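Student: Output the structure for:
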Amino acid sequence: MRRFTLPRDIYWGENSLSKLKNLEGKKAVLVLGGGSMRRFGFVDKVLDYLEEANIETTLIEKVEPDPSVETVMNGAQKMLDFGPDWIIAMGGGSPIDAAKAMWVFYEYPDVKFEDIIKPFSFPVLRKKAKFLAIPSTSGTGTEVTAFSVITDNEKGIKYPLADFNITPDIAIVDPALAETMPPKLVAYTGMDALTHAIEAYVSLMNGPFTDTLAMQAVVTVDKYLEASYAGDKKAREQMHYAQCMAGMAFSNALLGITHSMAHKTGPAYSTGHIPHGCANAVYLPYVIAYNAKEKAAAVRYAEIAGRLGIGKSNDQASITALCTKLREYNKKLNIPHTLKEFGVNESEFLQKLDYVAKAAVKDACTPSNPRHIDEEQMKKLLKAVYYGTIIDF
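Tutor: A predicted model of the protein is given here:
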């Protein structure tokens, strides 16, 4: 038996943010990121709508990119002090992911972070509060997913937390918020959404419901990503919906080793943090080449190529065409081809290779990857990604 879980309600389209004025509750905590939502006036809109709904609201602001365990625990304490019956998170993936984790420790103050690292091990939520998510970026899909990515800065590891308990109750996908993204963020989040869709489609956990959403997300991203990058508002709107569809798909089908590698390499190097969407964009063509050695995965990649009009069968030519297309995306979006090109120091990369490979193999996204991988294979794959070499194993 399998399970397919989504938010009960998804409100989308122009002015869907106004749904907040009909929210029923007494107190809400609004969790925000670095300040863009306030600068563009969306915080004031939300507060006005909540005031109209007679909901008392307090704010948790300045959640950093790739939120830390410390940020989560501090936010949970603020929630305990205030006692909300709604947790509302608005912004990119970081504040929404952070708020999801805060929610756990708000409802269960005695739980430790280590207790929820194991996938699908969360205690039952909604004893104190429900959760509403409002995305401002078009990539993570976290407003509809059972996932939250939290960084342990002491260990230099991102932990993908996973449990259907943290799937939001309501998602508001208002395209006006996505219009504020700068081009680089459009590029990274767009490739993140495409990676979600492709990995969900080939995942060992794929199914008829997720396949439909994943493939439609792939087609929509292919149609609108470049125009979105150029600033077209209609394209931005369609990308906002595409990333949401991709989120629905991977929340239920799970992901693969592109994400395993991104989670473990993102915070690993002193030469600079690798943004998650950028890492996914760099790694995806190499991962496809690795996974395509597995026949079932090759068939699925070829199906994607066929829908994009660049392949007709499950032969190697279709796989190569798909990888080439992904690299063309990266070139047009000014995303590097390799970790070396990104700027990761070679000696540090080699020094940390064993540790990163081991951590990536143990990542929560690895078991659903369509081809098995061990530590030695992961090291070879990471080297290919660093140097830009051909996958031949």
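
Student: so where's this structure shaky on pLDDT?
Tutor: Within the chain, the segments meeting pLDDT under 70 span 313-314.

Student: could you redo the last one with a cut-off of 90?
Tutor: Per-residue confidence for the chain (pLDDT under 90) gives these ranges: 34-35, 66, 118-119, 152-160, 267, 272-273, 311-316, 390-393.

Student: can you give me the strands for it?
Tutor: 9-12, 27-31, 56-60, 86-91, 130-135, 147-152, 157-162, 170-173 (DSSP state E).

Student: can you give me the end-to-end distance of stretch 281-299?
Tutor: Using Cα to Cα, to the nearest Å, the end-to-end distance of stretch 281-299 comes out at 21 Å.

Student: whoops, I mixed them up, stretch 142-158
Tutor: Start-to-end span of stretch 142-158 (Cα to Cα) is 16 Å.

Student: That stretch: which residues count as buried?
Tutor: Neighbour-count burial for stretch 142-158 flags 142-152, 156-158 (criterion: 16 or more other Cβ atoms under 10 Å). The way it works is simple: take the backbone N, C-alpha and C, and place the C-beta from them, glycine included.

Student: again, but for stretch 201-218
Tutor: Those would be 201-203, 205-206, 210-211, 213-218, for stretch 201-218 by 16+ other Cβ under 10 Å.

Student: just these now: which is nearest residue 184?
Tutor: Relative to residue 184, the closest of the buried residues of stretch 201-218 is residue 217; by Cβ to Cβ it sits at 21.3 Å.

Student: Against residue 225, how distant is the closest one?
Tutor: 11 Å (Cβ to Cβ, to the nearest Å).

Student: Find residues that contact each of these two.
Tutor: Residues touching both residue 217 and residue 225 (Cβ atoms under 8 Å, 6 or more residues apart in numbering): residue 194.

Student: I'd like to know which of the buried residues of stretch 201-218 is nearest to residue 324.
Tutor: Of the buried residues of stretch 201-218, the one sitting nearest to residue 324 (Cβ to Cβ) turns out to be residue 218, at 15.7 Å.

Student: Let me know how buried residue 268 is, in neighbour terms.
Tutor: 21 (other Cβ atoms under 10 Å).

Student: quick one, what contacts it?
Tutor: By Cβ under 8 Å, 6+ apart, the contact set of residue 268 is 156, 352, 356.

Student: got a markdown table for the residues you listed, with distance to residue 247 too?
Tutor: Conversion of the contacts of residue 268 to a markdown table gives the following (distance: Cβ to Cβ, whole Å):
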| residue | distance to residue 247 |
| --- | --- |
| 156 | 26 |
| 352 | 30 |
| 356 | 26 |
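
Student: out of those, who's nearest residue 284?
Tutor: Using Cβ to Cβ, residue 356 comes nearest to residue 284 of the contacts of residue 268, at 17.6 Å.

Student: close enough to count as contact, the closest one and residue 266?
Tutor: No: with contacts counted by Cβ atoms under 8 Å, residue 356 stays clear of residue 266, the gap being 10.4 Å.

Student: any idea how far the residue nearest to residue 266 when sequence neighbours are not counted is from residue 106?
Tutor: For residue 266, ignoring the flanking residues on the chain, the nearest one in space by Cβ to Cβ, 6 or more residues apart in numbering is residue 274 at 4.9 Å. To residue 106, residue 274 is 31 Å away according to Cβ to Cβ.

Student: ok, the residue positioned nearest the centre of the chain - contacts?
Tutor: Nearest residue to the geometric centre of the chain (Cα atoms, centre = their mean): residue 140, 3.1 Å. With contact set as Cβ under 8 Å, 6+ apart, residue 140 has these partners: 92-93, 96-97, 189, 192, 243, 247, 276.

Student: what about 10 Å?
Tutor: 92-94, 96-97, 147, 149, 189, 192-193, 196, 243-244, 246-247, 276-277 (Cβ atoms under 10 Å, 6 or more residues apart in numbering).
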